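Peer 1: coords please:
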Amino acid sequence: MTDDSREIENLLTGIAGGDAAALEGLHRLMADRLFGLTIGILKSRQESEDALQETFLKIWKKSGSYQPHSGSALAWVLTITRNTAYDRYRKRARQSEQMENIQHEMNGPAGHSDAQPADDRLLGAERALKIQEALNSLAREQREAIEMAFFSGHTQLEVSEKLGVPLGTVKARIRRGMQSLKPYLTALS
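Peer 2: Have a look, this model is predicted:
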């Protein structure tokens, strides 16, 4: 084990014990290296800074789950950093795609007037109302997970972390909620 790995492992042990100074020490030791990793993935200084902050928050929360026999402390920290950066990258891509879809809907198909006919707007509003009614028919836990995943652009892992429930629970809530919504959504199409 290298001196760096031993020091990182010692710092993780301190962090797992709630030692804020250990987290600060890990930040001093690793921040530049981890920032380089995130900027290589995200290509944005602001996004990379946000990803780095999120990484250290995850390390603070999850340090107790580090198992030395599973791999080096350095690899554990790098994996959390890389996964956090890729999650942000995928979220940004989804949001960009959603914005393109919204802009396309607002502009309408090429060659058509920008003004949307009143009956189309009315049908769209009616459809949105029916979707909201369908969502309101779900159990609160299912509705919350579906809204976060489909309308707020969060990954299922992010939903799990934000709600403080296991990932499998989030997946089950979304699956059961979507099964309950199927009759409503089929009627809309």
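
Peer 1: show me where pLDDT drops low in the protein?
Peer 2: Counting by pLDDT under 70, the chain has low-confidence residues at 1-3, 102-128, 185, 187-189.

Peer 1: how is it carved up into domains?
Peer 2: 3-91, 117-188 (automatic domain parsing).

Peer 1: quick one: which of the ones you listed is nearest Glu100?
Peer 2: Glu100 sits nearest to domain 117-188 of all the domains of the chain, at 13.3 Å, using C-beta to C-beta. Just so you know, the C-beta spots here come from the backbone N, C-alpha and C atoms, and that holds for glycine as well.

Peer 1: Same list (the domains of the chain) but as JSON lines, adding distance to Glu100 and mean neighbour count.
Peer 2: Output for the domains of the chain, formatted as JSON lines (distance: least, C-beta to C-beta, whole Å; neighbours: other C-beta atoms under 10 Å):
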{"stretch": "domain 3-91", "distance to Glu100": "15", "mean neighbour count": "16"}
{"stretch": "domain 117-188", "distance to Glu100": "13", "mean neighbour count": "14"}
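
Peer 1: of those, which approaches Glu97 most closely?
Peer 2: Proximity to Glu97 (C-beta to C-beta) singles out domain 117-188 among the domains of the chain, at 9.5 Å.

Peer 1: Would you convert the domains of the chain into CSV that also reports distance to Asn101?
Peer 2: What follows is the domains of the chain, written out as CSV (distance: least, C-beta to C-beta, whole Å):
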stretch, distance to Asn101
domain 3-91, 16
domain 117-188, 12
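
Peer 1: Nothing else from me, thank you.
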